[in-house]
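Peer 1: Compute the structure for the input listed below.
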Amino acid sequence: MHNFAIDSLATNWYYFDTNTRERKVTLVVEVKRKEGESFESLIRRFSRRTVQSGRLIQAKKIRFFQKPASSLAKKESALRRAKNRNQREYLKRIGKLDETQERRRRPY
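Peer 2: Numbers count the residues shown, from 1 in each chain. I've put the predicted structure just below:
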């Protein structure tokens, strides 16, 4: 059992204000403990409110944001992929590339 008391749970959303060049905080979710409510119930309510606020989804969306590529960069990338694909097919046809061999993938 837990040997500490929690009256409320809150989560904050940090963002960088470009005008003032300082980090700011906004309160996203605050859940106050009801009388006689268990810790597990409080955590469950807090988690549900956090998900319902939509901030988690927003944070996940902007986490790996990439600027849109220019049309020239898209064309160059497509040409490079096509060239590599054709070269792999050619090597398979002449027997220099094992078809069962897996391609190396980028580590994430």
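
Peer 1: what helix or strand is the residue most central in space within the chain on?
Peer 2: Against the mean C-alpha coordinate of the chain, by C-alpha atoms, centre = their mean, the closest residue is K60 at 3.6 Å. For K60, the element it lies in under DSSP states H and E is helix 55-63.

Peer 1: For this structure, give me the ranges with low pLDDT.
Peer 2: Across the chain, the ranges flagged by pLDDT under 70 are 1-18, 23-27, 101-103, 107-108.

Peer 1: So which residues of this structure form helices?
Peer 2: 39-53, 55-63, 71-94 (DSSP state H).

Peer 1: Of all these, which one is nearest E30?
Peer 2: helix 39-53 (8.5 Å; C-beta to C-beta). Using the backbone N, CA and C atoms, a C-beta is placed for each residue, glycine as well.

Peer 1: got the angle for the closest one vs helix 55-63?
Peer 2: 50 degrees (axes from the mean of the first three to the mean of the last three C-alpha atoms, to 10 degrees).
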